[in-house]
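Asks: my questions are about this predicted structure, shown below with the sequence.
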Amino acid sequence: MEDFKTIAVFTYPHEIVVLKHILELEKIPFFFENEITLSVAPFYTNALGGIQLKVHPNDFETVQTILDNLNSNLKIV
């Protein structure tokens, strides 16, 4: 996992739930750095740099497409 790089940063644990499910379904290896710490102490998010989504560089394009699709399909009523 040393080769894994940060592709996105999130502030709160609830922001990663859907993305985590999609990545698991696609069988893309990933991990969220600081996820557990910030679920226990959410006020440390700025000090720790947020929840960082780490993926292997070979999966960057695929994950970026997933992130783009999630962002473009969000509709707030």
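Replies: Sure, I can see it.

Asks: helices and strands around the helix-or-strand element of the chain with minimal mean pLDDT, which ones?
Replies: Scoring the helices and strands of the chain by mean pLDDT, DSSP states H and E places helix 45-48 at the bottom, with a mean of 84. Using 3 or more C-beta pairs under 8 Å, 6 or more residues apart in numbering; DSSP states H and E as the contact test, the elements touching helix 45-48 are helix 35-40. (Each C-beta comes from the backbone N, C-alpha and C, glycine too.)

Asks: hmm, who's touching the helix it packs on?
Replies: For helix 35-40, contacts defined as C-beta atoms under 8 Å, 6 or more residues apart in numbering pick out Tyr12, Pro13, Ile16, Tyr44, Thr45, Leu48, Gly50, Ile51.

Asks: what about the fifth one, how many neighbours?
Replies: Right, Thr45. 18 (other C-beta atoms under 10 Å).

Asks: so what's it up against?
Replies: Here Thr45 is in contact with Thr11, Tyr12, Asn34, Leu38, Ile51 (C-beta under 8 Å, 6+ apart).

Asks: elements contacting the following helix or strand past the least confident helix or strand of the chain?
Replies: Moving toward the C-terminus from helix 45-48, the next helix or strand (DSSP states H and E) is strand 51-55. Applying 3+ C-beta pairs under 8 Å, 6+ apart, one finds that strand 51-55 contacts strand 5-10, strand 30-33.

Asks: quick one, which of the ones you listed is nearest to Asp68?
Replies: strand 5-10 (10.8 Å; C-beta to C-beta).

Asks: what angle separates the next helix or strand after the closest one from strand 51-55?
Replies: Elements were assigned by DSSP H and E; along the chain past strand 5-10, the next helix or strand is helix 17-25. On the basis of axes from the mean of the first three to the mean of the last three C-alpha atoms, to 10 degrees, helix 17-25 is oriented at 20 degrees to strand 51-55.

Asks: and helix 17-25, which residues are buried?
Replies: Leu19, Leu23 (16 or more other C-beta atoms under 10 Å).

Asks: residues in contact with that helix?
Replies: Phe30, Phe32, Leu53, Val63, Ile66, Leu67, Leu70.
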